[in-house]
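J.: attaching a predicted model along with its sequence, questions to come.
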Amino acid sequence: MRYSLLAGQRDLFLLLARVLLMVLFVVSGWAKLTGFDGTVAYMTSLGAPAPMVAAAVAVVMEFIVGILLILGFYTRPLALLFVLFVLGTALIGHPFWNMVDPERAANMTQFLKNLSICGGLLALAASGPGRFSIDGR
């Protein structure tokens with residue numbers, strides 16, 4: 001009985017999932033966009049290849065693709081693309097295996113957070129965006 005009640009809310013839950021998965025990225029992407037020089041400097045400090053390109057990719061993915069996913073536009077392929085982006089940011093931005101505590105512990109948590117987000121994105125790619133989306137119209 002409970003499952004049938006939850007199933008009736010599937011589309012609402014998928015909308016909420018899209019918003020909750022992306023709010024962090026949209027806010028972060030906006031900060032990267034409005035502070036682009038600082039973003040390039042940060043990418044340089046991480047040793048990211050082509051820091052200006054890396055910063056631009058981060059802005060596009062976090063801000064633009066984040067908004068598209070909230071709206072439910074090309075949800076399945078963009079969710080899969082976002083998984084690759086989040087894995088890349090985990091590997092480049094949170095290499096906890098090269099650190100010592102307390103920095104190691106903090107970055108391990110951030111790395112694992114990224115893996116958790118990947119799980120949500122994979123579930124979204126598998127389920128689709130639901131009815132309350134551009135794709136669902």
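T.: Thanks, I have it.
J.: by contact count, what packs against whichever strand or helix holds Thr39?
T.: Using DSSP states H and E, Thr39 maps to helix 36-46. Contacts defined by 3 or more C-beta pairs under 8 Å, 6 or more residues apart in numbering; DSSP states H and E place helix 36-46 against helix 51-59. All C-beta spots, glycine's among them, are computed from the backbone N, C-alpha and C.
J.: and the helix it packs on, C-alpha only, in CSV?
T.: The C-alpha trace of helix 51-59 is given here as CSV (Å, rounded to 0.1, in the frame of the first residue of the first chain):
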residue,chain,number,x,y,z
PRO,A,51,43.1,26.3,-16.5
MET,A,52,41.1,28.8,-18.5
VAL,A,53,39.4,26.0,-20.5
ALA,A,54,38.8,24.0,-17.3
ALA,A,55,37.2,27.0,-15.7
ALA,A,56,35.0,27.6,-18.7
VAL,A,57,34.0,23.9,-18.7
ALA,A,58,33.2,24.1,-15.0
VAL,A,59,31.0,27.2,-15.6
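J.: flag the shaky bits of this structure, pLDDT-wise.
T.: In the predicted model, the chain carries pLDDT under 70 at residues 1-7.
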